[in-house]
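1. when you get a sec, could you give me coordinates for this:
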Amino acid sequence: MQNQINPTPITQLVQQIRSAEQTQAKEVKIPIQQARQLALTLAEMQDKLIRDYETLYTDLKNSVANETVTVSMDGGGFEAG
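-> Prediction:
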């Protein structure tokens, strides 16, 4: 099992933005350590999304490549009525 991504830095940023909106602040400042953690979390999430996408694409591609399609034709016929 892979390590879980810790979303705490994202949650903290969202809370800070909400607080800034409520107080009608013009900007949000975060310490460099918090910015570093946020950047790391976002990079981990992006990496996981890319890996999940690649896995899904590969599985779908293999599934389609291994799929067998059977077409039957009986020739039909015409009847005068």
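
2. rest of the way, CA atoms for contacts and neighbours
-> Fine.

3. what about the spatially most central residue of the chain, distance to residue 5?
-> The chain has residue 49 as the residue nearest its centroid, 4.6 Å off, counting by Cα atoms, centre = their mean. Distance, residue 49 to residue 5, by Cα to Cα, to the nearest Å: 12 Å.

4. low-confidence ranges in the protein?
-> Residue ranges of the chain with pLDDT under 70: 1-2, 81.

5. could you redo the last one with a cut-off of 50?
-> Residues of the chain meeting the criterion pLDDT under 50: 1.

6. what are the ranges of the helices in the protein?
-> 8-22, 32-65 (DSSP state H).

7. who's in contact with the shortest one?
-> For helix 8-22, contacts defined as Cα atoms under 8 Å, 6 or more residues apart in numbering pick out 26, 27, 28, 34, 37, 38, 41.

8. so among these, which ones count as buried?
-> 37, 38, 41 (16 or more other Cα atoms under 10 Å).

9. if I look at the second one, how far off is residue 61?
-> Looking back up the chat, that one is residue 38. Using Cα to Cα, residue 38 is found at 34 Å from residue 61.

10. same check on residue 7?
-> In terms of Cα to Cα, residue 7 sits 32 Å off from residue 61.

11. with residue 75 instead?
-> As for residue 75, its distance to residue 61 is 34 Å (criterion: Cα to Cα).
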